[in-house]
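>>> quick one: sequence and predicted model below, then my questions.
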Amino acid sequence: MSPTGTNDSGTNSPGPSPRTNAMSRRHVLQLFGIAGVGVAGIGSLEACSPSTPNSNSGDSSKNANKEFHGAYPYQLPPKGHFNLAAGVTDGIQQQSPYLDLVYPSGGLYYWADKKWEWMMAESGTLDEANKTYTMKLRSGLTWSDGKPVTAKDVVSTFNLHWLMRQQSWAFLSDVSAKDDTTVTFTIGTPSTVLERYILRAPIMPDSVYGEWATKAETMRKAKTSLDSAEGKQLNGDFQKFRPENPVVSGPFNFDAKNMTNSQMNLVKNDKGLFADKIGFSKVLLYNGETSDITPVVLNKDVDYATHGFAVATEKTLQSSGFRILRPPVYSGPALVFNFTAHPELSDPKVRQAIAYVLDRAENGTVALGDSGKPCKYMAGFSDIAVPDWISDADQKKLNAYEKDLAKATSLLQSAGWKQTGGKWMLPSGKPAAYDIKFPTEFADWNPAATNAADQLNKFGFNITKRGITFTQLNPDVLAGKFDFAIQTWGASNHPHPYFAFVQNLYTFNYVTAANSGGKGMNFPLKQTTSAGPIDLQSVVDKSAQGLNLDEQKKNVTAAAMAFNELLPIIPLWERYGNNPALEGTRVAKFPADDDPILKNAPYADNFVIMYMYQGKVAPV
């Protein structure tokens, strides 16, 4: 599964999928000023000649023909493509943990220890007085076409971020190369989350994207709005850009010529980042969502998978020798509404009523067994993190929305709805009839949607279930072509609550849907709660601004309280991973259950990928 969905669509969704495991200790994040940790035993990198991906590439040592078998959805060309810049849709893979093996970022993060593992970067330094963050690249890094990786590549990467409306530019005011290996990020709005935006951004090659990055930089420095005709044109044209041959800096590259609908290979780029530490010569990835991948996993053709497997499948896997890894995923599926098409849903009492109708414990159990846990706080971000950010007194004010049909009835009636013959009618007199779209292939979201629809229908709604292919769900929601839909709440890609609120309120709302010309769910971010008027976009942005964590807590709390009352989307449950891991066939061992690295979300800073880089996940 991926971060944006509860399956690997990446799409916790695209992937993303997207999922939680109780953490015994989570302290308030202090992303700036944390000392990074280097990869143990990693030597210096030297400039190298080009590495051409092909099915036979890989080292000729004892690790030759050592394969790692994984699974993650991808799209074949022509729909799938190799423009993998952040924000571009329909890339060959999106939000896949395996992309860290192809386009590494500055660092990977230990969520439990709150430390950085330096990757493409060797250091990152905040200068609070001068409002700059300096990233120093490792020397000797090389692209697969033989060109050196330089600071110019990083600058181009972030100019493309600006063009694609990425959230890093909510905090940045400029980015520039000080020398070939030093990048200076000028901070417009100081934030504890900016370091993560910088260090977790896959670095893209200027040799491929430079023309677009230069145009974006010119437009940015001229203060041309992306909402202008010129801005929309450049944004739209770039999204149509289709590089043919991937140029990468990671230890693996796409074997682009030999992809099939069922599997693709990542082949060794021997001169890529830390390639000498990785024991595998090839990563074979099976394509598809849970229904496609389940038989392949059961056949022991997959060593590790992050999909959301059915309860019965999980038990079969355990009995056949798989370990089940249960990392926290910090997110889950939510019920999302189209406020343009159905203005009656704009009354928060209606959404609160729906929350009271749904038995979310039942929904999670039906969908994912013990790995689907109903939210205790309904705060908009993971229950695991709530005690770090919200005081005990304020936690008690959060409504858990435990099933209560009497409250649901009262709320709908107070909103002007009437029940006739056991069926609910809108204030307009029309039936409360809605379609609910969900990804057919998601083995957990599919039953979650079905169960939610059944519960609402039993209460008197008229919900029609519309299962569609997972690749179509996101475009439909962004374009506003839905009534209800299942999408991701929370964030499995970043630990700060800010990222969860971005997912909840921006990703499928007009804030980001503008990239595709739509409005998404079109939930206005200026609202009125029992505490008074609130600008949710301002509060969410402020929740990550500044370096004073006490001030951040105030804004996190305000956003959580408003989310809890308004329920712009309704979280159904939090997901714990149920990742099958096969030891002794191709992989010697995976991290132990008590290894703190298993506190990492599997769709970001993936523990298998991190340990593969260190040689701790190695061939038999």
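Arrived safely. Residues are numbered from 1 along each chain as shown.
>>> can you tell me the closest non-neighbouring residue to Trp489?
Ala334 (3.7 Å; Cβ to Cβ, 6 or more residues apart in numbering). To be clear about C-beta, it is placed using only N, CA and C from the backbone, and glycine gets the same treatment.
>>> who's in contact with that neighbour?
By Cβ atoms under 8 Å, 6 or more residues apart in numbering, the contact set of Ala334 is 486-489, 504, 569-572.
>>> could you look up the SS state of the closest residue to Ser168 other than its chain neighbours?
Leaving aside its sequence neighbours, Ser168 sits nearest to Tyr197 (Cβ to Cβ, 6+ apart; 4.0 Å). What DSSP: H, G, I helix; E, B strand; the rest coil gives for Tyr197 is helix.
>>> who's in contact with Tyr197?
166-168, 171.
>>> likewise for Leu473?
11, 437-439, 485-487.
>>> okay, and which of those map to strands?
Counting by DSSP state E, those place 437-439, 485-487 in strands.
>>> can you put these in TSV and add neighbour count, distance to Gly422 and pLDDT?
Putting the ones in strands among the contacts of Leu473 into TSV (neighbours: other Cβ atoms under 10 Å; distance: Cβ to Cβ, whole Å; pLDDT from 0 to 100) gives the following:
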residue	neighbour count	distance to Gly422	pLDDT
Lys437	24	25	98
Phe438	27	25	97
Pro439	31	31	93
Ala485	27	26	98
Ile486	25	26	98
Gln487	30	30	97
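>>> export those residues to TSV and tack on distance to Leu234?
Below are those laid out as TSV (distance: Cβ to Cβ, whole Å):
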residue	distance to Leu234
Lys437	32
Phe438	35
Pro439	32
Ala485	30
Ile486	33
Gln487	28
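>>> looking at these, which one is closest to Asp394?
Comparing these against Asp394 with Cβ to Cβ picks out Gln487 as the nearest, at 26.9 Å.
>>> could you give the number of residues near the residue nearest to the closest one when sequence neighbours are not counted?
Spatial nearest neighbour of Gln487, chain neighbours left out: Val336 (4.5 Å); criterion: Cβ to Cβ, 6+ apart. Neighbour count of Val336, defined by other Cβ atoms under 10 Å: 26.
>>> with Thr218 instead?
Count around Thr218 with other Cβ under 10 Å applied: 12.
>>> any idea which helix or strand carries it?
helix 206-221 (DSSP states H and E).
>>> right, and Glu574 touches Pro333 too?
No. Assessed by Cβ atoms under 8 Å, Glu574 is found out of contact with Pro333, at 9.7 Å.
>>> more neighbours: which of those two?
Counted by other Cβ under 10 Å, Glu574 and Pro333 do not tie: Pro333 has more neighbours, with 38 against 28.
>>> what sits against the more buried one?
Taking Cβ under 8 Å, 6+ apart as the test, what Pro333 contacts is 5-6, 367, 444-445, 448-449, 486-489, 571-573, 575.
>>> dump the helix or strand hosting Pro333 to CSV, restricted to CA.
In the assignment (DSSP H and E), Pro333 maps to strand 331-337. The C-alpha trace of strand 331-337 is given here as CSV (Å, rounded to 0.1, in the frame of the first residue of the first chain):
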residue,chain,number,x,y,z
SER,A,331,-3.3,7.6,8.8
GLY,A,332,-6.2,5.6,7.3
PRO,A,333,-9.3,5.9,5.2
ALA,A,334,-11.8,8.7,5.5
LEU,A,335,-15.2,9.6,4.1
VAL,A,336,-14.8,12.7,1.9
PHE,A,337,-17.7,14.9,0.7
